[in-house]
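J.: build me a model:
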Amino acid sequence: MTDFGISIVPYSDSLEQNRALVQAADQGGLQLVGIQDHPYQRRFLDTFALIATLLAETERISFFTDVANLPLRPPAVMAKAAASLDVLSGGRFELGLGAGAIPHQVGRMGGPERSPAESVDALEEAIEVIRLMWSGERSVSFEGEYYRLEDARPGPAPVHPMGIWLGAFKPRMIRMVGRKADGWVPSFGVLSSEELRAGNARIDAAGEQAGRDPRQIRRVLNLQGVIGESRTPPGEELPVGYLLGQPLAGPPDWWAETLTGFVKDGFDTLVFWPIDATPEQVELFASEVVPVVR
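T.: You can find the predicted model right below:
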């Protein structure tokens, strides 16, 4: 069964617009809302605070961080925040996690400026820390190069089997998805169709080598674009937060055919990121694209 969702940009001056998008997704029967996490963006609301607000205003739809910025969010505290959101919402939160894509911006906020290799090593440790904090054990300890727990007291535990979905684009992190994570969150445009298929193959191979069933690993694809004619002329710069390259554009039947191709390539969750951020776009997606793909 394929799940569908939308992704929104957490602009502080677009709160009411984002509320309308989320309500349209909830009422349209979509399953997920993804919200990116760039704490150094001055125009952005805090992602976890925004998700908490939107969870309280919806009844059915789930949310995930698309993806959380690890260097600026200590994993033990992030695990507590994620579990708390899950408890408060009755199981409607998933944790998308990233290594931190813009180190100099992280440094300006007081976080560690890690090399790419260090960032991946720290992410692997963070997965272990988060799982310990969700374990339900009375006391946990961990000694790593980047993170440390000493007789830490976990809790609360998530109320459903919460996933850790990695925003991974390079081979080493993609293999980590297969070995340790519960899902993969790439973006079409950052990766081509061929690279996405290769990534799924890497996850399958790494999962099997680790003794895991790759079919249990979620594949969550972000797709940026507009249903209809393109609203962004070639060469025109997209607003802050739109980082996926030239957006997709076409009528609903074209979108349905395109998304069906990604399902055949192994993706079980498709997240529409509308560059024309209106409820009408979400409604078109939910009513004219999703039923055809299903």
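
J.: can you point out the buried residues in stretch 278-294?
T.: Of the residues in stretch 278-294, those buried under the neighbour-count criterion (16 or more other CB atoms under 10 Å) are P279, Q281, V282, E283, L284, F285, A286, V289, V290, V293. Where C-beta positions appear, they are placed from N, C-alpha and C, glycine not excepted.

J.: including distance to F169, could these go into CSV?
T.: As requested, the buried residues of stretch 278-294 are arranged in CSV below (distance: CB to CB, whole Å):
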residue, distance to F169
P279, 31
Q281, 26
V282, 26
E283, 31
L284, 29
F285, 25
A286, 28
V289, 26
V290, 26
V293, 25
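
J.: CA atoms only for stretch 60-68, dumped as CSV, please.
T.: The C-alpha atoms that make up stretch 60-68 are tabulated as CSV, following Å, rounded to 0.1, in the frame of the first residue of the first chain:
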residue,chain,number,x,y,z
ARG,A,60,-5.7,12.0,11.5
ILE,A,61,-2.6,12.9,9.5
SER,A,62,0.9,12.2,10.7
PHE,A,63,4.0,14.4,10.6
PHE,A,64,7.7,13.9,10.2
THR,A,65,10.8,16.0,10.2
ASP,A,66,12.0,16.3,6.6
VAL,A,67,14.7,16.0,8.1
ALA,A,68,15.8,17.1,11.6
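
J.: list the buried residues of that stretch.
T.: Along stretch 60-68, these residues count as buried under the neighbour rule (16+ other CB under 10 Å): I61, S62, F63, F64, T65, D66, V67, A68.

J.: nearest to A101 among the residues you listed?
T.: Within these, the smallest distance to A101 is 9.2 Å, found for V67 (CB to CB).

J.: can you give me the pLDDT of the closest one?
T.: Note on V67: pLDDT of 98.

J.: how about G90?
T.: As predicted, G90 sits at a pLDDT of 98.

J.: which residues in this structure form strands?
T.: Along the chain, the stretches classed as strands by DSSP state E are 3-8, 32-35, 62-65, 68-69, 93-98, 140-143, 148-152, 164-166, 183-184, 218-227, 248-250, 269-274.
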